[in-house]
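[1] Kindly generate the corresponding structure for this input.
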Amino acid sequence: MLLYNPYKYKKKEPKWIDADSAIRSIHKGRRILIGSGCAEPQFLVKALIRNAKYFRDNEIVHILTVGIAPYGEAQFADNFRHNAFFIGNNIRDSIYEGRADYMPIFLSEIPRLFKTGQMPLHCVLLQVSPPNRRYVSLGVSVDILPSAIASADFVIAQVNRRMPETYGAAKIPLDCIDYLVEADEPLIEFPQSEPDEVSMEIGKYLARYIQDGDTLQLGIGNIPDAVLKNLKDKNDLGIHSEMVSDGIVELYKNGNITNKMKRIQRGKSVVSFVLGTKKIYDVIHRNRDFIFYPSEYTNDPFVICQNPNMVSINSAIQIDLTGQVCSDSIGEKFYSGFGGQVDFVRGVKRSAGGRSFIAIPSTAKNGEVSRIVPVLSPGAGVVTSRADVHYVVTEYGVAYLHGKNIREREMALIQIAHPKFRDDLLNHLKKHRSFYIEQKTIKDDDSQVKGLIPHTKIFEGKKIYFRPLRPFDQKSIQDFFYSHRPETIYQRYLTNVESLPINEAQARVSVDYNKDMALAGFDNWMPYAQMICIGRYIRGENNVAEIGIVVKEDYQRIGIGSFLCKCLIEAARNHGIIKLEAYVAHSNTGMLKIFKKNHFTVRESKQVCGFYVFLNVEPEEDKQKPKEQSVSCKV
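    Below is the predicted model of the structure:
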């Protein structure tokens with residue numbers, strides 16, 4: 001039984017007819033909607049162009065189609081004018097040259113234009129599977145067609161034996177169709193190339209934020225495919241997405257996608273259309289694990305939010321340092337469209353445990369242009385507002401913006417920009433806005449910390465999430481400092497430190513990983529997690545570094561400090577440090593045990609009331625030599 005049934009019954013038999021006769025029944029000056037994506041009825045479109053002399057001032061509307069679009073050519077300017085809900089490659093030049101128009105609109109709201117009569121439809125051209133009893137299937141694309149079919153004066157359907165038969169609202173009664181045109185032809189395919197290195201790095205970052213049981217919304221392209229390639233260790237994933245592509249096939253066949261944890265449409269992958277190849281067409285054909293619904297359902301934020309732990313991943317063209325996202329234009333030139341980005345961003349925000357990501361490469365034009373900019377290019381429009389954005393991801397990391405002030409957002413975004421643009425971005429802020437003049441950025445690329453520590457580790461039942469310390473952690477490190485008891489502060493600094501002002505906190509989180517190291521642990525993987533430990537070393541003269549480790553009181557004595565110590569020793573070895581050293585108070589027995597366990601030499605100090613500990617770090621090339629280690633360390 002359909003959850004959503006928009007179709008009206010005309011109570012008459014559809015007529016089998018040739019394409020030219022069907023097309024000539026369309027009146028001059030009226031609006032024609034063409035089916036979308038890979039389901040574009042190319043045979044009917046060719047007939048439309050073949051009979052162009054019978055048309056005058058007819059408006060053609062559709063969302064993205066990936067087939068032919070000859071009605072946008074200059075020679076047909078008097079016959080047809082295209083009004084695009086979403087701009088594809090096949091119509092972009094026509095829009096640039098003024099022969100076609102672009103309508104910015106959320107995908108979820110397009111059907112309302114037809115239903116309310118704001119945009120009356122005269123005719124719908126679509127493609128369907130062969131009749132099965134009294135029904136046909138819309139196959140790979142449902143999207144805005146149900147409301148169009150229900151609202152149009154009449155419907156012409158190309159019947160193609162190669163169209164997959166799919167379920168949900170894709171199954172429509174024959175009574176909805178006026179003319180059937182038999183035309184078998186290869187279904188349009190939309191293959192994707194293998195993700196490049198940058199996309200794979202972004203995919204790895206995103207995969208860390210996807211948990212077992214999450215329900216996913218993904219677009220098409222290198223980044224979504226890279227994410228999917230990194231989800232082979234995830235279980236019971238779900239799909240509720242406006243579209244899917246070939247990238248989900250392997251996860252579905254391997255059992256990673258089960259939809260068991262969804263609250264609505266449990267056990268089913270819910271989509272509106274498919275852009276892919278025969279690989280996915282074969283999977284969805286007569287497969288009740290996949291159900292197709294119109295965009296006013298799949299993209300309705302109030303439907304989306306009913307599934308817990310929704311995750312949306314969308315792309316952008318440009319993001320400014322306040323978090324404004326431009327996705328549909330390059331400056332004044334319109335490039336694509338709103339699509340479902342905002343629909344899902346807002347729906348996911350209201351999902352229990354939901355997470356929305358804007359994922360982009362850090363640069364464009366072969367690295368010559370930063371996609372993270374001080375201000376959007378002149379003419380660029382905002383698709384997703386700064387208040388809607390939660391996560392932004394590049395190949396240099398993840399920035400969490402929600403609930404952050406402008407300064408915190410700016411620092412988070414600068415840190416995931418390409419290193420060669422970071423100083424320029426910061427200098428712009430210092431010049432044009434109220435910003436801490438002492439603030440600095442780091443041009444590292446994380447090469448020193450990649451692979452150094454696992455993302456998570458369990459200590460006596462407590463799961464800790466580790467990552468490098470970053471400039472946007474300024475408030476976290478202040479909260480960490482003020483959570484300590486006075487004796488912990490004394491043991492760390494060997495003096496009574498009463499405060500950690502913002503300028504000092506900034507200095508501590510602005511780590512240059514080309515020479516120093518700082519690893520932090522958190523009690524949760526979410527951005528608002530509390531910092532519970534820090535391990536770091538600071539390089540001094542002659543490649544000797546001071547090491548310091550602090551663990552929150554209620555997380556001590558479960559192995560966290562020793563684990564951080566091991567990580568720092570390994571980092572120092574790879575970093576060219578020859579000696580780690582520290583001063584430890586007599587009362588800090590826990591820290592002494594950690595250093596002794598990791599083979600530090602302990603001596604009474606003549607400089608402070610405590611111990612001097614050190615370890616000579618074994619060079620990489622001498623790892624196999626049977627000699628005693630010694631390193632030094634300072635807390």
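[2] CA only for contacts and neighbour counts going forward, please
    Noted.
[3] confidence score at residue 407?
    If you check residue 407, the pLDDT there is 87.
[4] Residues touching the helix-or-strand element of the chain with minimal mean pLDDT, excluding its own?
    Here the helix or strand of the chain ranked lowest by mean pLDDT, DSSP states H and E is helix 486-493, holding a mean of 81. Residues from elsewhere that reach helix 486-493, judged by Cα atoms under 8 Å, 6 or more residues apart in numbering: 481, 495, 496, 497, 548, 550, 553, 584, 585, 587, 588, 635.
[5] where's the first one, which helix or strand?
    If you go by DSSP states H and E, residue 481 is part of helix 474-482.
[6] relative orientation of that helix and helix 486-493 in degrees?
    Interaxial angle, helix 474-482 versus helix 486-493 (axes from the mean of the first three to the mean of the last three Cα atoms, to 10 degrees): 110 degrees.
[7] Please point out which parts of helix 474-482 sit buried.
    474, 476, 477, 478, 480, 481 (16 or more other Cα atoms under 10 Å).
[8] Verify the contact between the last one and residue 500 for me.
    Yes - look at residue 481 against residue 500 with Cα atoms under 8 Å: they come within range, at 7.1 Å.
[9] Surely residue 225 is within a strand?
    No - if the criterion is DSSP: H, G, I helix; E, B strand; the rest coil, then residue 225 is helix and not within a strand.
[10] ok, the residue nearest to it when sequence neighbours are not counted - contacts?
    Sequence neighbours aside, residue 247 is the residue nearest to residue 225 in space, at 5.4 Å (criterion: Cα to Cα, 6 or more residues apart in numbering). With contact taken as Cα under 8 Å, 6+ apart, residue 247 is in contact with 224, 225, 228, 229.
[11] Would you enumerate the residues in contact with the first one?
    Listed by Cα under 8 Å, 6+ apart, the contact partners of residue 224 are 203, 218, 247, 313.
[12] what would those look like in CSV with pLDDT, secondary structure and distance to residue 565?
    Listed next are the contacts of residue 224 as CSV, based on pLDDT from 0 to 100; DSSP: H, G, I helix; E, B strand; the rest coil; distance: Cα to Cα, whole Å:
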residue, pLDDT, secondary structure, distance to residue 565
203, 95, helix, 30
218, 91, strand, 39
247, 93, helix, 41
313, 96, strand, 36
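[13] pLDDT below threshold where in this protein?
    Scanning the chain for pLDDT under 70 picks out 1-11, 433-454, 619-635.
[14] ok, now how distant is residue 211 from residue 308?
    12 Å (Cα to Cα, to the nearest Å).
[15] what do you get for residue 498?
    Taken as Cα to Cα, the span from residue 498 to residue 308 is 43 Å.
[16] Who has more neighbours out of those two?
    residue 308 (20 against 11; other Cα atoms under 10 Å).
[17] pretty sure that one contacts residue 262?
    Yes - between residue 308 and residue 262 there is a contact at 6.9 Å, judged by Cα under 8 Å.
[18] Find residues that contact each of those two.
    Here residue 308 and residue 262 have residue 215 as joint contacts, going by Cα under 8 Å, 6+ apart.
[19] Which helix or strand lies directly C-terminal to the lengthiest helix in the chain?
    In the chain, taking DSSP state H as the definition, the longest helix is helix 560-575. Next along the chain after helix 560-575, taking DSSP H and E as the criterion, comes strand 579-585.
[20] Convert the C-alpha atoms of that next one to PDB, please.
    In PDB, the C-alpha atoms belonging to strand 579-585 read as follows (Å, rounded to 0.1, in the frame of the first residue of the first chain):
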ATOM      1  CA  LYS A 579      65.600  13.700  23.800                       C
ATOM      2  CA  LEU A 580      62.400  14.300  25.800                       C
ATOM      3  CA  GLU A 581      62.600  15.800  29.200                       C
ATOM      4  CA  ALA A 582      60.300  17.000  32.100                       C
ATOM      5  CA  TYR A 583      60.300  18.200  35.700                       C
ATOM      6  CA  VAL A 584      57.900  16.300  38.000                       C
ATOM      7  CA  ALA A 585      56.800  17.300  41.500                       C
END
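[21] and it, what does it pack onto?
    Counting by 3 or more Cα pairs under 8 Å, 6 or more residues apart in numbering; DSSP states H and E, the packing neighbours recorded for strand 579-585 are helix 486-493, strand 544-551, strand 610-616.
[22] So what are the sheet partners of the second one and their directions?
    Using DSSP bridges, the strands paired with strand 544-551 in its sheet are strand 531-539 (antiparallel), strand 579-585 (parallel).
[23] Adding distance to residue 110 and mean neighbour count, write the ones you listed out as JSON lines.
    Shown next, in JSON lines, are the strands paired with strand 544-551 (distance: least, Cα to Cα, whole Å; neighbours: other Cα atoms under 10 Å):
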{"stretch": "strand 531-539", "distance to residue 110": "45", "mean neighbour count": "23"}
{"stretch": "strand 579-585", "distance to residue 110": "63", "mean neighbour count": "26"}
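[24] right, and the ones you listed - which one's nearest residue 328?
    Closest approach to residue 328 among the strands paired with strand 544-551 (Cα to Cα): strand 531-539, 37.9 Å.
[25] Residue 511: neighbour count?
    23.
[26] which SS class is it?
    coil.
[27] Next up, the contacts around residue 401.
    Contacts of residue 401 (Cα under 8 Å, 6+ apart): 323, 389, 390, 391, 392, 408, 409, 412.
[28] close enough to count as contact, the fifth one and residue 355?
    No - the pair residue 392 and residue 355 fails to qualify as a contact (Cα under 8 Å) at a distance of 10.9 Å.
[29] Give the full set of residues in contact with residue 398.
    Contacts of residue 398 by Cα under 8 Å, 6+ apart are 205, 391, 392, 416.
[30] mind listing what the helix or strand that contains it pairs with, with the direction of each?
    Per DSSP H and E, residue 398 falls inside strand 397-400. Neighbouring strands of strand 397-400 in its sheet, by DSSP bridges, are strand 391-394 (antiparallel).
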